[in-house]
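Student: Curious how this folds, go ahead:
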Amino acid sequence: MVADRFGPRRVAVVSDAVRCAVVLAAAVAVMLASPSVWLLVTVALIFGVVDAVFMPAVGALPPRITAPDQLARVQGMRGLSIRLSNAVGPLLAGTVLVIGGAAGAFTAAGVLFALSLVTLLTVRITPSAEVPQRASAWRELGDGLRYVRRHRMLAPLVTVIGLSEMCFSGPVATGLVLLAEERGWGASGMGWIASAFSVGAAASALLLTVSTRIPRAGLVMCGALLATAAGAVALGHAASLPIAVMFGSLIGLTSGFTTTLTGALIQTETDPRYLGRVVSVTTLCTLGLAPVLFPAVGITVALWGADMFFIGCGAICLLAAALGLSVPVIRHAELHPSSSASPAGG
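Tutor: Residues are numbered from 1 along each chain as shown. Now for the predicted structure:
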């Protein structure tokens, strides 16, 4: 809602500046006094609030800076950068902590946020053709939710995203830990599976980045969901670590395809006036449900074993694929400008 009200670039710049200032302030605080839990809690709370504004704003930027037929490539680049950051970040953090301690780590993070801010300031977007009509915040929020509900593609697509990301937005990491413990593979075994998952996801991002066109994107997305469902069940029943690693890479590859294509379809089909609010809804579906699902993972594994958790993940992905295949507008979706970007779905 904030991104739609004030513009995605402006919101992204301001929120990134706040993140930079908070981290640098934390670095100064650690230099002047010993770090405390309350400092970390305060930083985490502020970050949570600012990220809730920053992420939808950044998600609303791609249609303003590239052509619709390039959105899948942009999403692939974004996924690839995230995977590379996840790989390099811990190594960099460990090195900085050894050399400069907590103050050095906060300072380094602040410098990285400053570089991010400078990069955002260089981004130029296509201005919206329509002048937004300001209404109250609650009315704009209600308008966004009604837009999603009435749109013939977005309503089922957001549901598909929620189902497909339900297990893979966080709970699967807990499931991998418990699976490795149950099978006696230990922490190193869990690390191998998680690494394979990341490699598979990076491979999907790279493939989509170099692909000039994704024909029948909706059908490809549904096929990837079916493969993810099969891979999740197979991972839960893997008899040895090498087999688990193989299926972990498969899940990373196919779930990466799904995430990238659903994101590109959201950006292609959504009216730019509502894109920030729609991205907020999908972010809530992918990240907001994770804290609620973590206890469910532990209870499921404790009662029925880790394999049952992965069977459940497979069933949910299968349900998402079935929903996508049952909705013609999703099944036949293409990554090109669509007339369905009206609230009523055209």
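
Student: Residue 266 contacts residue 156, correct?
Tutor: No - between residue 266 and residue 156 there is no contact under Cβ atoms under 8 Å: 12.0 Å. C-betas here are computed from N, CA, C, even on glycine.

Student: The top helix by length along the chain: what's the following helix or strand?
Tutor: As assigned by DSSP state H, the longest helix anywhere in the chain is helix 71-122. As assigned by DSSP states H and E, the chain's next helix or strand after helix 71-122 is helix 137-150.

Student: Let me know the angle separating the helix or strand that that next one is followed by from helix 137-150.
Tutor: Counting by DSSP H and E, the element after helix 137-150 in chain order, helix or strand, is helix 154-165. Per axes from the mean of the first three to the mean of the last three Cα atoms, to 10 degrees, the angle that helix 154-165 makes with helix 137-150 is 90 degrees.

Student: which helices and strands sit right next to the next helix or strand after helix 154-165?
Tutor: Next along the chain after helix 154-165, taking DSSP H and E as the criterion, comes helix 171-183. With contacts defined as 3 or more Cβ pairs under 8 Å, 6 or more residues apart in numbering; DSSP states H and E, helix 171-183 has these neighbours: helix 186-210, helix 241-269, helix 290-304, helix 306-326.

Student: If I average pLDDT within each of those, which one is lowest?
Tutor: Among those, helix 290-304 has the lowest mean pLDDT, at a mean of 81.

Student: Surely residue 261 touches residue 71?
Tutor: No - with contact defined as Cβ under 8 Å, residue 261 does not reach residue 71; the gap is 9.7 Å.

Student: in this protein, which helix or strand is least confident?
Tutor: Here the helix or strand of the chain ranked lowest by mean pLDDT, DSSP states H and E is helix 2-6, holding a mean of 72.

Student: what sits up against stretch 300-318?
Tutor: By Cβ atoms under 8 Å, 6 or more residues apart in numbering, the list of residues contacting stretch 300-318 from outside reads 163-164, 166-168, 172, 175, 178-179, 182-183, 225-226, 228-233, 235-237, 297.

Student: residue ranges with poor pLDDT in the stretch 51-200 of the chain?
Tutor: 87, 90-91, 127-138, 141, 169 (pLDDT under 70).

Student: now with 50?
Tutor: Residues of the stretch 51-200 of the chain that meet the criterion pLDDT under 50 lie in 130-131.

Student: check contacts around residue 204.
Tutor: Here residue 204 is in contact with 76, 79, 252-257, 260 (criterion: Cβ under 8 Å, 6+ apart).

Student: ok, those residues vs residue 54, which is closest?
Tutor: residue 79 (17.5 Å; Cβ to Cβ).

Student: Report the contact partners of the closest residue in space to residue 84 that isn't next to it in sequence.
Tutor: Leaving aside its sequence neighbours, residue 84 sits nearest to residue 202 (Cβ to Cβ, 6 or more residues apart in numbering; 7.3 Å). The neighbours of residue 202, taking Cβ under 8 Å, 6+ apart as the test, are 79-80, 83-84, 252, 256.
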